[in-house]
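Student: with the sequence up front, the predicted model follows.
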Amino acid sequence: MHVGTAVIFQNPHKHLTDSQVYARDVALARLAEPLGFESIWSVEHHFTDYTMCPDPLQFLTYMAGCTTHVRLGTMVVVLPWHDPLRVAESVAMLDNLSGGRLILGLGRGAGRVEFDGFRQDMADSRPRFVESAECVLTGLERGYLEYLGQYVQQPRVDIRPAPSLSFRGRTYAAAVSPESVSIMAKLGIGLLVIPQKPWDAVEQEIEDYRRMYRDINREDPPAPILAGWTFCDRDLGRAREYAEKYIGGYWQTVLDHYRFHEDHLKGQKGYEYYGKFANNIQRQGVDGAVDFFLNLQVWGDPARCRDVIVDNCQRIGAEAFIGVFSYAGMPAQDAEGSMRLFADAVMPSLKAMPIKGKMAWAA
């Protein structure tokens, strides 16, 4: 199994300056390769302290210069907020600079504060995402962009530096709604799963995705990538205490940023599934939603962490796990201690697990 790590640059309650958060999380990212992690990831967000990486490709370009062989993953680039041409150029540049180490993760976004900041209507996000993804992915394969759609009109122009390797099989998307799952199958890209809903629903969507992917593309899809908020400690009691405080605290930042527990997405075109999400949260209460999220994530002593990851990966056929170790204002020494213990006592057994080889980039 492939094992990576992500840094997300959270600064809730502003206990630190933003520059101190960056110094702390970059230091963790620089530990990834020496500790044996096989990839480094970050995720795009804007305008708030929820996460503060407005340009994952820029961050990963820096990390490319700090490392020699780890893969570099975007979790995700939110296409509706960008000119597709600029995304394609940045992707090609980073992939050339890094010797083909980029894993491209894409998404459409769900934060109203971000759509408002970019002066965009959320109702258009799904068709904008589809057109942008078609434009970018087709362009990366053939070396030039040319697209005529409702939202994306791009006359033919070459990508320079030219892409040197195919992104087929190393492009993923975070899909939360069932409608997004079908779109990713049609686009021919893999799934990045961030646990946030019942496993039986996730398993059914993965199965639907596989069936659609095979019917459309006449081949098996890439194995999913599974991410997880992680805390590892030799003391199981302390691990639970920290998980409740910090993994639970992270989910509270999700609710604060996306306002999933409110009604604003129930009537929003393209976000109908999130309205059902809000109903579930309102039914169980915010505390219940936090507990539910906590129980989907990876925390405990090394044995428990390993067992949870293996079980969750087997549920969906994932062949990669990406652990997030720093979040919700966790002290730097605790995040680093958890990461080091995970690398020493959990990661070797995960790497030794046989996989079916559905991720050519991870070979």
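Tutor: Nice, I can see it. Residues are numbered from 1 along each chain as shown.
Student: now the helices for this protein?
Tutor: Assigned by DSSP state H, the helices in the chain fall at 18-35, 56-66, 84-98, 112-117, 125-142, 178-187, 199-217, 236-242, 248-258, 272-294, 302-316, 332-345, 347-351.
Student: among the ones you listed, which gets the worst mean confidence?
Tutor: Ranked by mean pLDDT, those end with helix 272-294 at the bottom, a mean of 76.
Student: mind listing residues that contact it?
Tutor: Applying Cβ atoms under 8 Å, 6 or more residues apart in numbering, the contact partners of helix 272-294 are 110, 176-179, 195-197, 243-244, 247-248, 251-252, 254-255, 260-263, 265-268. Glycine gets a C-beta too; all of them are placed from N, C-alpha and C.
Student: make TSV out of the helices of the chain and add distance to Tyr172 and mean neighbour count.
Tutor: Output for these, formatted as TSV (distance: least, Cβ to Cβ, whole Å; neighbours: other Cβ atoms under 10 Å):
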stretch	distance to Tyr172	mean neighbour count
helix 18-35	19	17
helix 56-66	13	19
helix 84-98	13	20
helix 112-117	21	17
helix 125-142	11	21
helix 178-187	8	18
helix 199-217	12	15
helix 236-242	29	16
helix 248-258	20	19
helix 272-294	19	16
helix 302-316	13	18
helix 332-345	22	18
helix 347-351	19	17
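Student: may I see the ones you listed arranged in CSV, with distance to Val3 as well?
Tutor: What follows is these, written out as CSV (distance: least, Cβ to Cβ, whole Å):
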stretch, distance to Val3
helix 18-35, 10
helix 56-66, 17
helix 84-98, 19
helix 112-117, 30
helix 125-142, 26
helix 178-187, 23
helix 199-217, 20
helix 236-242, 19
helix 248-258, 20
helix 272-294, 22
helix 302-316, 9
helix 332-345, 9
helix 347-351, 5
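Student: run a quick neighbour tally on the closest residue to Tyr242 other than its chain neighbours.
Tutor: Using Cβ to Cβ, 6 or more residues apart in numbering and skipping the chain neighbours, the partner closest in space to Tyr242 is Phe231 (5.0 Å). Each residue near Phe231 was counted by other Cβ atoms under 10 Å, and the total is 31.
Student: thinking Phe231 is in contact with Tyr246, fair?
Tutor: Yes: with contacts counted by Cβ atoms under 8 Å, Phe231 reaches Tyr246, the gap being 6.6 Å.
Student: nearest to Ala362, out of the helices of the chain?
Tutor: Minimum separation from Ala362 across the helices of the chain (Cβ to Cβ) falls at helix 347-351, 10.7 Å.
Student: follow-up on the earlier one: OK, contacts around the residue nearest to Tyr242?
Tutor: Listed by Cβ under 8 Å, 6+ apart, the contact set of Phe231 reads 239, 242-243, 246-247, 298-300, 325, 338.
Student: closest to Ile225 out of the helices of the chain?
Tutor: helix 302-316 (9.7 Å).
Student: packing partners for that closest one?
Tutor: With contacts taken as 3 or more Cβ pairs under 8 Å, 6 or more residues apart in numbering; DSSP states H and E, helix 302-316 sits against helix 199-217, strand 225-232, strand 298-300, helix 332-345, helix 347-351.
Student: TSV for the ones you listed, including distance to Leu148?
Tutor: What follows is the helices and strands packed on helix 302-316, written out as TSV (distance: least, Cβ to Cβ, whole Å):
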stretch	distance to Leu148
helix 199-217	22
strand 225-232	32
strand 298-300	45
helix 332-345	47
helix 347-351	45
